[in-house]
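> Next come a sequence and a model predicted from it.
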Amino acid sequence: MDSRNFPLEALIAKVQRLSPVDDEDIAALRSLSHRTDRRRSQQYIVREGDKPTECCLLVDGYAARSKLSAEGGRQIVSFHVSGDMLDLQHLFLDRADHFVQAMTDVTLAWIPMPALRELISNRPRVGTAFWRDALIDASIFREWVLNVGRRDAKTRIAHMLCEFITRSEAAGLGSVESMRLPFTQEQIGDATGLTAVHVNRMLRELTEEGLIRRSPGMLQVRDWSGFRRVAAFDAAYLHAAA
């Protein structure tokens, strides 16, 4: 179903991966009040300090969460794909403590918080899916701390890309053989704590080793098993539903 005409279908597909839901649960999700809008690449979706009244669903495109240092340095802490709720925590935390930024042009669906709270109260299986989603987010954050803090540069980049490919495949957005790569080398650096020059060098090594092939905006993994070995990638932390 075309997400541009049926924006909540991306959310429904993810909820179905996260928790067993019945037809009434799905009907309740489809009936959620919402509004849609578009943001251009690099525009902010949520700013630190905001006090949101709606939760944001990423319908189409790619986004990233980030924090800024006092000196203005950016640390990307997660990437997001279609079906992700970008600020579900604002159902219970009244102020945004980080930024959410579009990495590409995006389509968003904004859902009023009272409607989501009522849905969770009335449909426990949907509430379980949202709770599981939040716990998986926390698991991903832990893995990213390990990635930046304890892995070498090549492993960091390979691991980040393995996660992105795995999550994108789960959302139906491509395959190992052909995957859109919506990030610049600078953005990959901001996610891995490396300079763009270092990222370029590591991507070149991965290419020369026959593990990946790159073309403008696209990534192809030529040796998935070998690429995962270099990345020390074990998808268990994604809990098969991210």
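Received the coordinates, thanks. Residues are numbered from 1 along each chain as shown.

> where are the low-confidence patches of this structure?
Where the chain drops to pLDDT under 70, the residues are 1-5, 241-242.

> in it, which spans are strands?
With strands called from DSSP state E, the chain shows them at 35-39, 44-46, 54-60, 63-68, 74-80, 99-102, 106-112, 174-175, 178-180, 212-215, 218-221.

> Would you mind measuring from the most centrally placed residue in the chain to residue 192?
For the chain, the residue sitting closest to the mean C-alpha position, by C-alpha atoms, centre = their mean, is residue 80 at 1.6 Å. The spacing between residue 80 and residue 192, counted by C-beta to C-beta, to the nearest Å, is 17 Å. (Each C-beta comes from the backbone N, C-alpha and C, glycine too.)

> Please apply the same query to residue 51.
31 Å.

> Look at those two and report which has more neighbours.
residue 192 (25 against 9; other C-beta atoms under 10 Å).

> So that one sits against residue 153, correct?
Yes: at 7.4 Å, residue 192 counts as touching residue 153 under the criterion of C-beta atoms under 8 Å.

> which residues are contacting stretch 108-118?
Residues external to stretch 108-118 that are found in contact with it (C-beta atoms under 8 Å, 6 or more residues apart in numbering): 7-8, 11, 32-39, 45, 52-59, 90-91.

> and that stretch, how far apart are its ends?
Distance across stretch 108-118, first residue to last, is 21 Å (C-alpha to C-alpha, to the nearest Å).

> Stretch 108-117 too?
Start-to-end, stretch 108-117 (C-alpha to C-alpha) is 19 Å.

> Pop the domain breakdown of the chain in here.
9-137, 151-238 (automatic domain parsing).

> so how far is the first residue of the last one from its last?
Distance between the two ends of domain 151-238: 19 Å, counting by C-alpha to C-alpha.

> from the middle of its chain, how far away would that domain be?
Centre-to-centre, domain 151-238 and its host chain are 14 Å apart (C-alpha atoms, centre = their mean, to the nearest Å).

> what do you get for stretch 130-148?
For stretch 130-148, the distance to the chain centre is 11 Å (C-alpha atoms, centre = their mean).

> got the buried residues for it?
By neighbour count on 16 or more other C-beta atoms under 10 Å, the buried set for stretch 130-148 is 130, 132, 133, 136, 137, 140, 143, 144, 147, 148.

> Out of these, which comes closest to residue 107?
For the buried residues of stretch 130-148, the minimum distance to residue 107 (C-beta to C-beta) is 19.6 Å, reached by residue 133.

> show me the residues around the closest one that make contact.
Here residue 133 is in contact with 14, 18, 85, 88 (C-beta under 8 Å, 6+ apart).

> Give me the distance between the nearest residue to the second one once chain neighbours are set aside and residue 61.
It refers to residue 18. Leaving aside its chain neighbours, residue 18 sits nearest to residue 129 (4.0 Å; criterion: C-beta to C-beta, 6 or more residues apart in numbering). Relative to residue 61, residue 129 is positioned 22 Å away (C-beta to C-beta).
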